[in-house]
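Chemist: Structure of the sequence below:
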Amino acid sequence: MNLVSDSPILSIVGTTASGKSSIAMALAGGIPNIEIVSIDSMQVYRGMDIGTAKPTESERFQVRHHLIDIVEPTVDFSLSEFQIQAVRAIAEIEERGAVPLLVGGTGLHLRAIIDNFEIPKQYPAVGEELNSEVDTTKLHKLLLKLDPIAAGRMEETNRRRILRALEVTLGSGRKFSSYGPGMQQYEATRFQMVGPRWDREVINQRIEKRFNQQMEQGFLEEVRRLTTNSDQLSRTARQALGYRQFIDYLDGKTSLEEAIDIAKRQTKKFARRQERWFRRDPRIRWLDITRNPLELVPTLVKEWRDAPN
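Modeler: All right, here's what the predicted structure looks like:
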(Lines give C-alpha, C1' and ligand atoms only; values in the text may rest on other atoms or scores of the structure.)
Protein backbone atom coordinates (compact mmCIF):
# COMPACT_ATOMS: atom_id res chain seq x y z
CA MET A 1 0.00 0.00 0.00
CA ASN A 2 1.34 3.41 -0.93
CA LEU A 3 1.30 6.34 1.43
CA VAL A 4 -1.45 8.81 0.55
CA SER A 5 0.33 12.10 1.20
CA ASP A 6 3.64 13.84 0.70
CA SER A 7 3.34 15.81 3.93
CA PRO A 8 6.27 15.44 6.35
CA ILE A 9 5.92 12.79 9.04
CA LEU A 10 7.60 13.43 12.36
CA SER A 11 9.53 10.47 13.77
CA ILE A 12 11.00 10.30 17.28
CA VAL A 13 13.97 7.92 17.23
CA GLY A 14 16.93 7.00 19.42
CA THR A 15 18.19 4.69 22.11
CA THR A 16 16.23 2.75 24.66
CA ALA A 17 15.33 4.70 27.83
CA SER A 18 15.85 8.06 26.12
CA GLY A 19 12.28 9.24 26.72
CA LYS A 20 10.87 8.79 23.21
CA SER A 21 7.46 7.59 24.40
CA SER A 22 7.01 10.41 26.92
CA ILE A 23 7.91 12.94 24.21
CA ALA A 24 5.37 11.35 21.87
CA MET A 25 2.58 11.47 24.45
CA ALA A 26 3.35 15.12 25.21
CA LEU A 27 3.36 15.95 21.49
CA ALA A 28 -0.08 14.37 21.22
CA GLY A 29 -1.25 16.91 23.76
CA GLY A 30 -0.01 19.80 21.64
CA ILE A 31 -0.73 18.59 18.10
CA PRO A 32 -4.33 17.67 17.23
CA ASN A 33 -5.30 14.22 15.96
CA ILE A 34 -1.95 12.50 16.46
CA GLU A 35 -1.85 8.71 16.20
CA ILE A 36 1.33 6.94 17.27
CA VAL A 37 2.94 4.22 15.16
CA SER A 38 5.27 2.14 17.34
CA ILE A 39 8.54 1.17 15.64
CA ASP A 40 9.52 -1.49 18.14
CA SER A 41 10.04 -5.08 17.03
CA MET A 42 9.05 -6.50 20.43
CA GLN A 43 6.01 -4.39 21.34
CA VAL A 44 4.07 -6.25 18.63
CA TYR A 45 3.80 -9.24 21.01
CA ARG A 46 0.78 -9.63 23.26
CA GLY A 47 1.60 -10.23 26.90
CA MET A 48 5.13 -8.86 26.66
CA ASP A 49 4.20 -5.60 28.33
CA ILE A 50 6.47 -4.71 31.22
CA GLY A 51 9.80 -5.73 29.73
CA THR A 52 9.16 -3.96 26.42
CA ALA A 53 8.05 -0.76 28.19
CA LYS A 54 4.77 -0.64 26.31
CA PRO A 55 2.53 2.40 26.66
CA THR A 56 0.06 1.91 29.49
CA GLU A 57 -3.61 1.19 28.91
CA SER A 58 -4.35 4.75 29.99
CA GLU A 59 -1.91 6.18 27.44
CA ARG A 60 -3.34 4.01 24.70
CA PHE A 61 -6.82 5.16 25.66
CA GLN A 62 -5.73 8.81 25.40
CA VAL A 63 -3.86 8.42 22.10
CA ARG A 64 -4.45 5.77 19.48
CA HIS A 65 -1.42 3.50 19.01
CA HIS A 66 -0.56 1.15 16.17
CA LEU A 67 1.62 -1.98 15.85
CA ILE A 68 1.25 -2.88 19.51
CA ASP A 69 -0.22 -6.23 20.65
CA ILE A 70 -0.87 -7.48 17.12
CA VAL A 71 0.51 -11.05 17.35
CA GLU A 72 1.01 -13.78 19.92
CA PRO A 73 4.57 -14.21 21.27
CA THR A 74 4.62 -17.72 19.81
CA VAL A 75 4.89 -16.17 16.33
CA ASP A 76 8.08 -15.14 14.56
CA PHE A 77 6.92 -11.75 13.29
CA SER A 78 9.14 -10.91 10.33
CA LEU A 79 10.56 -7.59 9.21
CA SER A 80 8.57 -7.79 5.97
CA GLU A 81 5.32 -8.28 7.88
CA PHE A 82 6.20 -5.36 10.13
CA GLN A 83 6.93 -3.18 7.11
CA ILE A 84 3.61 -4.04 5.45
CA GLN A 85 1.58 -3.33 8.57
CA ALA A 86 3.41 -0.10 9.37
CA VAL A 87 2.98 1.33 5.88
CA ARG A 88 -0.69 0.32 5.94
CA ALA A 89 -1.19 1.97 9.34
CA ILE A 90 0.40 5.23 8.19
CA ALA A 91 -1.76 5.30 5.06
CA GLU A 92 -4.95 4.62 7.00
CA ILE A 93 -4.12 7.33 9.56
CA GLU A 94 -3.67 9.88 6.79
CA GLU A 95 -6.83 8.73 5.03
CA ARG A 96 -8.72 9.60 8.23
CA GLY A 97 -7.19 13.07 8.22
CA ALA A 98 -5.15 12.30 11.35
CA VAL A 99 -1.42 12.85 11.94
CA PRO A 100 0.93 9.84 12.09
CA LEU A 101 3.83 10.05 14.54
CA LEU A 102 6.48 7.34 14.36
CA VAL A 103 8.15 6.43 17.66
CA GLY A 104 10.76 3.79 18.34
CA GLY A 105 14.29 2.55 18.48
CA THR A 106 14.38 -0.53 16.24
CA GLY A 107 16.65 0.93 13.60
CA LEU A 108 16.31 -1.70 10.87
CA HIS A 109 12.52 -1.65 11.06
CA LEU A 110 12.50 2.14 10.89
CA ARG A 111 14.67 2.14 7.79
CA ALA A 112 12.54 -0.54 6.15
CA ILE A 113 9.64 1.91 6.38
CA ILE A 114 11.24 5.25 5.59
CA ASP A 115 13.50 3.90 2.82
CA ASN A 116 11.07 1.30 1.47
CA PHE A 117 13.58 -1.52 1.69
CA GLU A 118 13.18 -4.61 -0.44
CA ILE A 119 12.73 -7.32 2.19
CA PRO A 120 14.06 -10.79 1.32
CA LYS A 121 11.73 -13.78 1.35
CA GLN A 122 11.86 -16.40 4.07
CA TYR A 123 13.28 -19.87 3.51
CA PRO A 124 12.07 -21.92 6.50
CA ALA A 125 13.72 -25.20 5.54
CA VAL A 126 17.09 -23.52 5.14
CA GLY A 127 16.61 -21.61 8.37
CA GLU A 128 15.71 -24.74 10.30
CA GLU A 129 18.81 -26.54 9.06
CA LEU A 130 21.04 -23.59 9.97
CA ASN A 131 19.50 -23.33 13.43
CA SER A 132 20.60 -26.89 14.18
CA GLU A 133 24.16 -25.53 14.39
CA VAL A 134 24.54 -24.44 18.02
CA ASP A 135 27.88 -22.64 17.55
CA THR A 136 26.99 -19.04 16.65
CA THR A 137 30.65 -18.15 16.06
CA LYS A 138 30.86 -20.89 13.45
CA LEU A 139 27.76 -19.50 11.73
CA HIS A 140 29.27 -16.02 11.70
CA LYS A 141 32.44 -17.39 10.08
CA LEU A 142 30.30 -18.99 7.38
CA LEU A 143 28.53 -15.69 6.76
CA LEU A 144 31.89 -13.93 6.64
CA LYS A 145 32.89 -16.30 3.84
CA LEU A 146 29.62 -16.01 1.89
CA ASP A 147 28.79 -12.33 2.46
CA PRO A 148 31.57 -10.39 4.21
CA ILE A 149 29.67 -7.11 3.93
CA ALA A 150 26.67 -8.48 5.83
CA ALA A 151 28.92 -10.20 8.36
CA GLY A 152 30.73 -6.94 9.04
CA ARG A 153 27.46 -5.22 9.91
CA MET A 154 26.53 -7.50 12.79
CA GLU A 155 28.13 -8.70 15.96
CA GLU A 156 29.43 -12.25 16.14
CA THR A 157 27.03 -13.00 19.01
CA ASN A 158 23.87 -11.77 17.28
CA ARG A 159 22.58 -15.22 16.42
CA ARG A 160 19.17 -14.14 15.12
CA ARG A 161 20.58 -11.69 12.56
CA ILE A 162 23.35 -14.07 11.50
CA LEU A 163 20.85 -16.89 10.94
CA ARG A 164 18.58 -14.62 8.91
CA ALA A 165 21.45 -13.39 6.71
CA LEU A 166 22.61 -16.96 6.06
CA GLU A 167 19.05 -18.16 5.41
CA VAL A 168 18.55 -15.51 2.73
CA THR A 169 21.99 -15.91 1.18
CA LEU A 170 21.74 -19.68 0.93
CA GLY A 171 18.03 -19.81 0.15
CA SER A 172 17.97 -17.17 -2.58
CA GLY A 173 21.47 -17.58 -3.96
CA ARG A 174 21.85 -13.83 -3.54
CA LYS A 175 23.93 -12.06 -0.92
CA PHE A 176 21.93 -10.70 1.98
CA SER A 177 23.76 -7.37 1.72
CA SER A 178 22.49 -6.85 -1.84
CA TYR A 179 18.89 -6.21 -0.79
CA GLY A 180 17.46 -2.72 -0.55
CA PRO A 181 19.00 0.58 -1.60
CA GLY A 182 21.97 -0.15 0.63
CA MET A 183 22.39 0.44 4.33
CA GLN A 184 24.97 3.14 3.67
CA GLN A 185 22.65 5.18 1.44
CA TYR A 186 20.51 7.85 3.08
CA GLU A 187 18.16 9.28 0.51
CA ALA A 188 15.78 12.20 0.95
CA THR A 189 12.57 11.22 2.70
CA ARG A 190 9.34 12.75 3.92
CA PHE A 191 10.04 11.34 7.39
CA GLN A 192 11.56 14.04 9.59
CA MET A 193 13.55 12.23 12.26
CA VAL A 194 14.36 13.79 15.61
CA GLY A 195 16.45 12.11 18.28
CA PRO A 196 16.66 13.00 21.97
CA ARG A 197 20.34 12.90 22.94
CA TRP A 198 21.70 12.30 26.44
CA ASP A 199 25.15 11.84 27.87
CA ARG A 200 25.87 8.10 27.74
CA GLU A 201 26.30 7.79 31.51
CA VAL A 202 22.88 9.37 32.00
CA ILE A 203 21.36 6.81 29.63
CA ASN A 204 23.00 4.05 31.68
CA GLN A 205 21.49 5.49 34.84
CA ARG A 206 18.07 5.71 33.19
CA ILE A 207 18.35 2.07 32.09
CA GLU A 208 19.18 1.02 35.66
CA LYS A 209 16.28 3.00 37.08
CA ARG A 210 13.78 1.73 34.52
CA PHE A 211 14.81 -1.90 34.97
CA ASN A 212 14.40 -1.60 38.74
CA GLN A 213 10.94 -0.14 38.18
CA GLN A 214 10.07 -2.97 35.81
CA MET A 215 11.07 -5.48 38.47
CA GLU A 216 8.75 -3.76 40.93
CA GLN A 217 5.97 -3.89 38.34
CA GLY A 218 6.30 -7.67 38.00
CA PHE A 219 8.68 -8.23 35.09
CA LEU A 220 9.85 -11.63 36.34
CA GLU A 221 6.27 -12.77 36.94
CA GLU A 222 5.40 -11.70 33.40
CA VAL A 223 8.18 -13.90 31.97
CA ARG A 224 7.16 -16.78 34.23
CA ARG A 225 3.57 -16.51 33.00
CA LEU A 226 4.65 -16.42 29.35
CA THR A 227 6.91 -19.45 29.68
CA THR A 228 4.51 -21.66 31.63
CA ASN A 229 2.01 -21.72 28.77
CA SER A 230 1.93 -24.83 26.63
CA ASP A 231 3.10 -22.88 23.58
CA GLN A 232 6.74 -21.79 23.57
CA LEU A 233 7.86 -18.26 22.88
CA SER A 234 9.03 -17.80 19.32
CA ARG A 235 12.72 -17.54 18.50
CA THR A 236 12.29 -13.79 17.94
CA ALA A 237 10.29 -13.12 21.10
CA ARG A 238 12.81 -15.01 23.25
CA GLN A 239 15.53 -12.59 22.15
CA ALA A 240 13.88 -9.60 23.83
CA LEU A 241 16.16 -7.98 26.39
CA GLY A 242 15.43 -9.14 29.92
CA TYR A 243 13.16 -11.95 28.75
CA ARG A 244 15.98 -14.21 27.58
CA GLN A 245 17.93 -13.61 30.81
CA PHE A 246 14.91 -14.42 32.98
CA ILE A 247 14.18 -17.51 30.87
CA ASP A 248 17.71 -18.69 31.67
CA TYR A 249 17.03 -18.06 35.37
CA LEU A 250 13.73 -19.94 35.27
CA ASP A 251 15.49 -22.80 33.48
CA GLY A 252 18.00 -22.97 36.32
CA LYS A 253 20.95 -21.77 34.24
CA THR A 254 21.68 -18.64 36.31
CA SER A 255 20.77 -17.11 39.64
CA LEU A 256 18.24 -14.28 39.76
CA GLU A 257 20.99 -11.82 40.71
CA GLU A 258 23.07 -12.92 37.72
CA ALA A 259 20.08 -12.68 35.38
CA ILE A 260 19.31 -9.12 36.48
CA ASP A 261 22.96 -8.07 36.19
CA ILE A 262 23.30 -9.59 32.72
CA ALA A 263 20.04 -8.03 31.55
CA LYS A 264 21.12 -4.58 32.66
CA ARG A 265 24.55 -4.91 31.06
CA GLN A 266 23.08 -6.22 27.82
CA THR A 267 20.56 -3.36 27.71
CA LYS A 268 23.34 -0.81 28.12
CA LYS A 269 25.30 -2.54 25.38
CA PHE A 270 22.21 -2.51 23.18
CA ALA A 271 21.81 1.24 23.77
CA ARG A 272 25.37 1.79 22.56
CA ARG A 273 24.64 -0.22 19.40
CA GLN A 274 21.50 1.82 18.81
CA GLU A 275 23.48 5.01 19.24
CA ARG A 276 26.06 3.92 16.66
CA TRP A 277 23.32 2.83 14.26
CA PHE A 278 21.36 6.07 14.39
CA ARG A 279 24.40 8.34 14.33
CA ARG A 280 25.28 7.01 10.87
CA ASP A 281 22.07 8.52 9.50
CA PRO A 282 22.69 12.19 8.63
CA ARG A 283 18.97 12.82 8.25
CA ILE A 284 18.37 12.61 12.00
CA ARG A 285 18.35 15.90 13.89
CA TRP A 286 19.73 15.41 17.39
CA LEU A 287 18.43 17.54 20.24
CA ASP A 288 20.39 17.56 23.49
CA ILE A 289 18.58 17.02 26.77
CA THR A 290 19.85 18.32 30.08
CA ARG A 291 17.30 17.04 32.61
CA ASN A 292 13.95 16.07 31.15
CA PRO A 293 13.00 14.73 27.69
CA LEU A 294 9.91 16.93 27.73
CA GLU A 295 12.24 19.92 27.30
CA LEU A 296 12.04 19.21 23.56
CA VAL A 297 8.27 19.29 23.27
CA PRO A 298 7.56 23.06 23.03
CA THR A 299 10.11 23.44 20.22
CA LEU A 300 8.74 20.47 18.28
CA VAL A 301 5.13 21.62 18.67
CA LYS A 302 6.03 25.14 17.51
CA GLU A 303 7.91 23.80 14.49
CA TRP A 304 4.97 21.63 13.54
CA ARG A 305 2.52 24.54 13.84
CA ASP A 306 4.79 26.87 11.85
CA ALA A 307 5.42 24.35 9.07
CA PRO A 308 3.55 24.92 5.79
CA ASN A 309 0.56 22.61 5.29
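
Chemist: Checking Q122 next. Helix, strand or coil?
Modeler: Here Q122 is recorded as coil under DSSP: H, G, I helix; E, B strand; the rest coil.

Chemist: now it: how far from L166?
Modeler: Separation of Q122 from L166 (C-beta to C-beta, to the nearest Å): 13 Å. From N, CA and C alone the C-beta is placed, and that goes for glycine too.

Chemist: Run a quick neighbour tally on V37.
Modeler: Neighbours of V37 under the rule other C-beta atoms under 10 Å: 24.

Chemist: returning to that earlier point: just want to know which of Q122 and L166 has more residues nearby.
Modeler: Between Q122 and L166, counted using other C-beta under 10 Å, the more crowded position is L166 (26 against 17).

Chemist: That one in helix, strand or coil?
Modeler: Using three-state DSSP, the structure places L166 in helix.

Chemist: For it, which residues are in contact?
Modeler: The contact partners of L166, by C-beta atoms under 8 Å, 6 or more residues apart in numbering, come to 126, 130, 139, 142-143, 146, 176.

Chemist: What's the ChimeraX syntax to select whichever of those residues are buried?
Modeler: To isolate the buried members of the contacts of L166 in ChimeraX, using 16 or more other C-beta atoms under 10 Å:
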select :126,130,139,142,143,176
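
Chemist: Okay, and which of the contacts of L166 map to helices?
Modeler: Within those, residues falling in helices by DSSP state H are 126, 130, 139, 142-143, 146.

Chemist: Now pLDDT and distance to R272 too, for the residues you listed, in CSV please.
Modeler: Output for these, formatted as CSV (pLDDT from 0 to 100; distance: C-beta to C-beta, whole Å):
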residue, pLDDT, distance to R272
V126, 95, 32
L130, 95, 28
L139, 95, 23
L142, 95, 26
L143, 96, 22
L146, 96, 28
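
Chemist: JSON lines for these, including distance to E72?
Modeler: JSON lines is the format used below for the ones in helices among the contacts of L166 (distance: C-beta to C-beta, whole Å):
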{"residue": "V126", "distance to E72": "24"}
{"residue": "L130", "distance to E72": "24"}
{"residue": "L139", "distance to E72": "27"}
{"residue": "L142", "distance to E72": "32"}
{"residue": "L143", "distance to E72": "30"}
{"residue": "L146", "distance to E72": "33"}
